[in-house]
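Asker: build me a model from this:
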Amino acid sequence: MDDVAFGGNPGQWPLPPAATPRQLWLRAVAAGGQGRYNSALADLDRLHRLEAHGPLASLALSTRASFLRQLGWHDRARSLDGRALLVADGAATPAADALIGLAADALGVGRAAASARALQRAEDPVTASSWPRLPVRFAWVSAELAMVCGDGASAVGHAERAVQLAATLGSVRHTVKSRVILAAALCGLGDVDRSRREADDALRQAGASGLIPLRWAAACLLADLPGGEGGGDHSRPEVAAIRDDAAQTVTRRGGVWRSR
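Answerer: Sure, this is the predicted structure:
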């Protein structure tokens with residue numbers, strides 16, 4: 001289950017049954033990465049009935065919040081990340097996860113200063129935690145904050161660090177998301193050609209790995225890049241069709257998109 005949630009086999013389906021609360025959480029993470037929100041939320045509901053307080057309960061709340069952000073509901077995610085921080089019982093890993101989530105939530109509603117404060121609060125628990133995915137997530141949101149603040153060079157630096165850190169994890173999902181964020185940062189810096197290459201590689205890898213929400217994100221980026229091209233393997237209309245198909249797949253699997 002760890003390999004599907006955080007490793008090299010993120011597209012496996014169906015998933016094996018869960019025998020423990022931690023396995024329920026891993027199933028939810030894995031299913032969410034594939035855009036299977038109905039399945040993921042059902043497992044998180046089961047987990048909540050077993051553990052409503054403590055580090056695992058906190059991680060489960062942060063996972064719910066991440067699903068909402070993927071679908072555009074940053075305002076709703078904020079309350080879940082706040083609860084995650086409260087029930088973490090001071091444990092570094094879930095506290096850091098919740099604070100990074102709060103930083104991302106704030107960015108989604110245009111509160112850059114609040115995002116920066118949450119990231120600053122996350123620094124110590126990220127350092128104290130032994131969980132290697134946290135520095136990757138910290139780099140993601142740092143890059144996004146820099147983009148919002150108009151600091152393109154810093155955004156690219158944070159995103160490149162995320163790509164490097166993700167490579168050491170062996171997590172396909174973290175690698176693909178890092179490349180999507182790097183593509184966005186490069187676009188903001190004006191390096192459209194390199195942005196297109198990164199986004200195209202992310203699109204290809206997300207599709208091959210069954211990571212439908214990330215396939216949608218990469219296609220959205222490619223469809224919006226300046227110039228007449230789409231990606232290296234697809235025309236702009238083909239990229240738009242991939243984007244729309246990914247969005248429809250997410251809807252069929254229980255995701256509810258926020259109207260934009």
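Asker: hmm, L50 is touching R22, no?
Answerer: No: using Cβ atoms under 8 Å, L50 makes no contact with R22, being 10.4 Å away. Heads up, the C-betas are built off the backbone N, CA and C, glycines and all.
Asker: compare these two (neighbour count), which wins?
Answerer: Neighbour count, other Cβ atoms under 10 Å: between L50 and R22, R22 has more, with 15 against 12.
Asker: got any ranges where the protein has weak pLDDT?
Answerer: The model of the chain has pLDDT under 70 over residues 228-231, 260.
Asker: do that again at 90, thanks
Answerer: For the chain, the stretches with pLDDT under 90 are 226-234, 259-260.
Asker: which residues of it fall in helices?
Answerer: 2-6, 21-33, 37-50, 55-70, 74-87, 92-108, 112-128, 133-148, 152-169, 172-189, 192-209, 212-224, 236-252 (DSSP state H).
Asker: dump those helices into CSV; add distance to P14 as well.
Answerer: Converted to CSV, those look like this (distance: least, Cβ to Cβ, whole Å):
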stretch, distance to P14
helix 2-6, 11
helix 21-33, 10
helix 37-50, 9
helix 55-70, 19
helix 74-87, 27
helix 92-108, 27
helix 112-128, 34
helix 133-148, 24
helix 152-169, 24
helix 172-189, 18
helix 192-209, 16
helix 212-224, 16
helix 236-252, 16
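Asker: so which of those helices comes closest to L15?
Answerer: Taking Cβ to Cβ, helix 21-33 is the member of the helices of the chain nearest to L15, at 5.2 Å.
Asker: which residues touch that closest one?
Answerer: If you take Cβ atoms under 8 Å, 6 or more residues apart in numbering as the criterion, helix 21-33 is touched by 1-2, 4-6, 10, 12, 15, 18, 37, 39-41, 43-44, 46-47, 50-51, 56, 59-60, 63, 66-67, 70, 173, 211, 213-214.
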